[in-house]
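> sharing a sequence plus its predicted fold:
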Amino acid sequence: NLQYLSMAYVNTFSIKGLQYLAAGKGCRKLSYLDISGCTQVNTDGMKFIAECCPFLNTILLNDLASLKDEAIMQLVNGCRNLRAISLQGTNSLSDHSFQYISQLKKLRKLRIEGRNNLITDTSIKALGRNCLELNHIYLVDCPRLTDLSIKALAPCRQLNYLNVADCVRISDTGVRHVVEGPASSKLKELNLSNCIRISDVTLLRIAQRCTELQRASFCFCEHVTDAGAELMGGLSNLVSIDLSGCFIQDQGLMALGNNSKFRKIDLAECSTISDFGVQVMCQHCRDLLSLDLSHCVLITDNAVKSIAFCCRLLKSLKLGGCSQVKMIFISQISNQQPPKHS
């Protein structure tokens with residue numbers, strides 16, 4: 001009756017062991033399997049897994065840099081009930097693998113992270129066409145993906161989480177298909193970090209259509225400005241935003257204060273924000289749990305004093321690189337206030 005099995009980063013078992021599993025009956029009801037980091041698992045090993053786990057619905061295949069397309073084919077052929085696949089750091093798979101994965105009609109969660117120079121729009125088109133129940137999609141650091149991939153995901157009406165961080169060829173044009181598509185009102189998390197072609201145009205569309213959005217990241221989207229920040233401040237369900245490295249000034253920072261529900265705000269390397277903007281924002285965002293102002297070089301002790309006075313629930317405060325903030329002052333504030341700082 002075993003249903004959950006993790007052998008992550010265990011390199012002491014061999015393919016023979018997987019063959020024993022296939023020959024026995026103990027894993028027939030297995031629904032969750034983690035073999036991340038088990039680099040000894042090859043195509044034959046995946047075949048044995050597919051044979052012994054017909055009801056598998058979640059598999060983690062992280063950090064398997066040498067895993068081949070043929071292994072994914074064997075997995076898909078035997079495990080037709082898969083709903084979640086994680087491929088973090090498994091970057092040797094090509095479009096062929098994802099064409100096989102697209103045959104899994106019940107697939108709901110797919111996680112691809114780690115630089116993959118092989119996967120193209122062809123893969124995402126197949127997924128968008130066949131896996132209509134997808135609700136979590138992570139396509140992180142896949143530099144060959146373009147706006148055509150995002151357009152292909154528009155038919156996925158159940159989409160809640162979309163992460164295309166570091167996909168540098170994606171622009172406003174592509175993201176529009178999702179944020180104005182049938183899933184726009186269901187989208188809860190959107191990560192466009194380091195998508196350098198994204199601008200305030202996308203944030204405008206998000207503000208208009210993605211009313212349930214809770215977490216958003218536009219880290220190092222250099223074309224995102226105060227205008228975009230003002231729009232995000234109007235999203236009443238948004239509790240976390242990352243605008244690190246964006247062109248945000250005090251005006252945008254103060255506009256974030258329009259949403260008192262914020263729990264986490266990251267503004268690292270927004271080098272033009274000052275004490276005044278931080279003071280106004282903190283007067284309204286009093287329930288903040290985490291604030292990152294690393295390398296905001298204009299910040300001084302006055303901003304830290306306002307943070308300590310207004311944000312009594314703060315647990316994490318990052319001030320690395322803020323050269324005008326004195327460590328002695330931080331120590332004094334820490335004795336009155338519990339936030340952790342770095």
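Done, it's in. Residues are numbered from 1 along each chain as shown.
> quick one: low-confidence parts of this structure?
25-26, 328-342 (pLDDT under 70).
> can you give me the strands for the stretch 151-300 of the chain?
Assigned by DSSP state E, counting those that start in this stretch, the stretch 151-300 of the chain shows strands spanning 161-163, 189-191, 215-217, 240-242, 264-266, 290-292.
> looking at those, which is nearest to Thr146?
strand 161-163 (15.4 Å; Cβ to Cβ). (Glycine included, C-beta is placed from N, CA and C.)
> and the closest one, what does it pack onto?
When contacts are defined as 3 or more Cβ pairs under 8 Å, 6 or more residues apart in numbering; DSSP states H and E, strand 161-163 packs onto strand 136-139, strand 189-191.
> return the most buried member of the ones you listed.
Ranked by mean neighbour count, the helices and strands packed on strand 161-163 are led by strand 136-139 with a mean of 22 (mean count of other Cβ atoms under 10 Å).
> quick one: contacts of that strand?
With contact meaning Cβ atoms under 8 Å, 6 or more residues apart in numbering, strand 136-139 is reached by 84, 108-113, 124, 145, 149, 153, 156, 159-164, 167.
> among those, name the ones in helices.
Among the contacts of strand 136-139, the ones falling in helices (DSSP state H) are 124, 149, 153.
> my read: the last one touches Val179, true?
No - judged on Cβ atoms under 8 Å, Leu153 makes no contact with Val179 at a distance of 11.2 Å.
> and of the helices and strands packed on strand 161-163, who's closest to Thr43?
Closest among those, using Cβ to Cβ: strand 136-139, at 24.6 Å.
> and that closest one, how far out from the chain middle?
On the basis of Cα atoms, centre = their mean, to the nearest Å, strand 136-139 sits 7 Å off its chain's mean C-alpha point.
> what's the first-to-last distance across stretch 295-314?
One end of stretch 295-314 to the other measures 19 Å (Cα to Cα, to the nearest Å).
> roughly how far out does that stretch sit from the chain middle?
28 Å.
> next one: stretch 56-64
On the basis of Cα atoms, centre = their mean, stretch 56-64 sits 18 Å off its chain's mean C-alpha point.
> okay, it in CSV with CA atoms only?
Output of stretch 56-64 as CSV, limited to C-alpha atoms (Å, rounded to 0.1, in the frame of the first residue of the first chain):
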residue,chain,number,x,y,z
LEU,A,56,1.8,7.6,-10.2
ASN,A,57,0.6,11.2,-10.3
THR,A,58,3.7,13.2,-9.1
ILE,A,59,7.3,12.7,-10.0
LEU,A,60,10.3,14.8,-9.2
LEU,A,61,13.2,14.4,-11.6
ASN,A,62,15.4,17.3,-10.4
ASP,A,63,19.1,17.6,-11.0
LEU,A,64,19.4,14.7,-13.5
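> can you give me the helices in this structure?
15-23, 43-52, 69-78, 95-101, 121-130, 147-153, 172-179, 200-209, 226-232, 250-256, 275-284, 301-310, 327-334.
> ok so, going back, columns distance to Leu30 and neighbour count on top of the ones in helices among the contacts of strand 136-139, output as JSON lines?
Listed next are the ones in helices among the contacts of strand 136-139 as JSON lines, based on distance: Cβ to Cβ, whole Å; neighbours: other Cβ atoms under 10 Å:
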{"residue": "Ile124", "distance to Leu30": "29", "neighbour count": "27"}
{"residue": "Ser149", "distance to Leu30": "32", "neighbour count": "27"}
{"residue": "Leu153", "distance to Leu30": "30", "neighbour count": "23"}
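> quick one, what contacts Arg169?
143-147, 197.
> which of those are buried, as a PyMOL select command?
Buried residues among the contacts of Arg169 (16 or more other Cβ atoms under 10 Å), as a PyMOL selection:
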select buried, resi 144+145+146+147+197
